[in-house]
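Trainee: Just the structure for this:
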Amino acid sequence: MATYSPDYLKRLLVAVEKFEQAFEQWMQTQIEFNHAESRGLFPTVRTKGGQDQATVQRLELDVAEAAGGAARAVHITGAQIGVAGIGAVDPVANWALMSEPKALVSPKDVRTTAATVRGRLNAMILESEAAAETALPAFAPAQLHPVVWSAAAAHWTTHQYRVAVREAAEALTVHWKTRLGRYDADDTVFWQQTLSAGEPQEGRPKLVWPGDPSSKTTKSMRGGLEPLAKALTNLATGLNLTVRNVTTHTRNELSEQEAMERLAAYSYLARLLDTCDARHAGDTAEAV
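Mentor: As a prediction, the model looks like this:
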């Protein structure tokens, strides 16, 4: 299912296992807390009393080195976790933040992510070994936009392609509703209001393609964003309805190719939206 060779994926698996080992050795020197205990204000780990600081620092460096290799596996498998107000976060790469106030991740997050990565890598190794036996061209869904792939990855690796597309579609909408503070409109209305022409209204910011508004390229991009987003939103709605119908889901599951094409469309839209400027009511209007 990817362009990654079995040998490369196996090396990543070893890197993840090395990280888990180093992490658990370091955790033996720490007292751990969950998010409820830290109340979102305090660290989720604290060094135990009586620990030799030189030993603790050496173990921390071992974890940091191992995390450098394992973090690539998190990206490839799309195993990041969602953090409110932040977005997708890699607990493996950001393990050191557990020692900081308002820690974003906990030891449980790190362990769960590492275990998830191992499971997905094993599935990808089997897929890659099977693909190596054919002459079919390969592709790398992990290179899609992070918001899209993070939402789809868990279902993609278990061959639930229709669900993967649905989750990616919903994740992209939720991502932009959260960034723009829009919780008052359904998906279709949200995209229409956010990408339509005209000035933003109070509580209804807009995403606008950057550049000189008199430029033909800028006019073309701005004119195309709204119908593109609307069409993809309608596609997501249709997929959502059919997925909920067990009979339809069972008989008409998307093929890997069909799902990849749909994810690619959402990924393209996501990258276009990342390029846009967010404009709010009261911002200086552009000259036309």
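Trainee: ok, residue 87 touching residue 174?
Mentor: No. Taking Cβ atoms under 8 Å as the definition, residue 87 is not a contact partner of residue 174, at 10.6 Å. Every C-beta, even on glycine, is put in place using the N, C-alpha and C of the backbone.
Trainee: in the helix or strand hosting residue 113, what counts as buried?
Mentor: Counting by DSSP states H and E, the element that carries residue 113 is helix 107-131. For helix 107-131, the neighbour count (16 or more other Cβ atoms under 10 Å) marks 107, 109-110, 113-114, 116-118, 120-121, 123-125, 127-128, 131 as buried.
Trainee: Closest to residue 75 out of those?
Mentor: Among those, residue 117 lies closest to residue 75 (Cβ to Cβ), at 9.7 Å.
Trainee: And the lowest mean pLDDT element among the helices and strands of the chain?
Mentor: Scoring the helices and strands of the chain by mean pLDDT, DSSP states H and E places helix 246-251 at the bottom, with a mean of 42.
Trainee: continuing past that helix, what's the next helix or strand?
Mentor: Per DSSP H and E, the helix or strand that comes after helix 246-251 is helix 256-275.
Trainee: so where's the stretch 101-250 of the chain shaky on pLDDT?
Mentor: Low-confidence regions of the stretch 101-250 of the chain, defined by pLDDT under 70, span residues 133-139, 222, 225-226, 228-250.
Trainee: which stretches of this protein form helices?
Mentor: Per DSSP state H, the chain carries helices over the ranges 6-27, 35-38, 53-77, 107-131, 146-156, 161-180, 187-195, 216-244, 246-251, 256-275.
Trainee: so which of these comes closest to residue 140?
Mentor: Comparing the helices of the chain by Cβ to Cβ, helix 53-77 comes nearest, at 8.3 Å.
Trainee: Would you mark the buried spots in that closest one?
Mentor: Within helix 53-77, the residues scored as buried using 16+ other Cβ under 10 Å are 59-60, 62-63, 66-67, 69-77.
Trainee: Which strands and helices lie in contact with that helix?
Mentor: helix 6-27, helix 107-131 (3 or more Cβ pairs under 8 Å, 6 or more residues apart in numbering; DSSP states H and E).
Trainee: from what I can see residue 175 touches residue 87, true?
Mentor: Yes. In terms of Cβ under 8 Å, residue 175 counts as a neighbour of residue 87; the distance is 7.1 Å.
Trainee: Between those two, which has more neighbouring residues?
Mentor: residue 175 (21 against 14; other Cβ atoms under 10 Å).
Trainee: Give me the distance between that one and residue 205.
Mentor: 14 Å (Cβ to Cβ, to the nearest Å).
Trainee: ditto for residue 214
Mentor: 23 Å.
Trainee: circling back to that earlier point, name the stretch among the helices of the chain that sits most buried.
Mentor: helix 146-156 (a mean of 24; mean count of other Cβ atoms under 10 Å).
Trainee: among the helices of the chain, which is nearest residue 46?
Mentor: Here helix 35-38 is closest among the helices of the chain (Cβ to Cβ), at 9.8 Å.
Trainee: Need the contact partners of the closest one.
Mentor: Helix 35-38 is contacted from outside by 44, 103, 106, using Cβ atoms under 8 Å, 6 or more residues apart in numbering.
Trainee: let's see 6 Å
Mentor: 44, 106 (Cβ atoms under 6 Å, 6 or more residues apart in numbering).
Trainee: Likewise for stretch 85-96?
Mentor: Taking Cβ under 6 Å, 6+ apart as the rule, stretch 85-96 contacts 67, 70-71, 74, 80-81, 83, 104-105, 109-110, 113, 146, 150.
Trainee: Start and end of it, how far apart?
Mentor: Using Cα to Cα, to the nearest Å, one end of stretch 85-96 lies 20 Å from the other.
Trainee: and what of stretch 189-200?
Mentor: Start-to-end, stretch 189-200 (Cα to Cα) is 14 Å.
Trainee: Distance from the chain centre to it, please.
Mentor: 25 Å (Cα atoms, centre = their mean, to the nearest Å).
Trainee: Now do the contacts for the residue nearest in space to the middle of the chain.
Mentor: Nearest to the geometric centre of the chain sits residue 150, at 3.2 Å (Cα atoms, centre = their mean). By Cβ under 6 Å, 6+ apart, the residues touching residue 150 are 78, 80, 88.
Trainee: confidence score at the second one?
Mentor: So that's residue 80. Looking at residue 80, its pLDDT reads 88.
Trainee: Roughly how far does residue 172 sit from residue 178?
Mentor: On the measure of Cβ to Cβ, residue 172 and residue 178 end up 11 Å apart.
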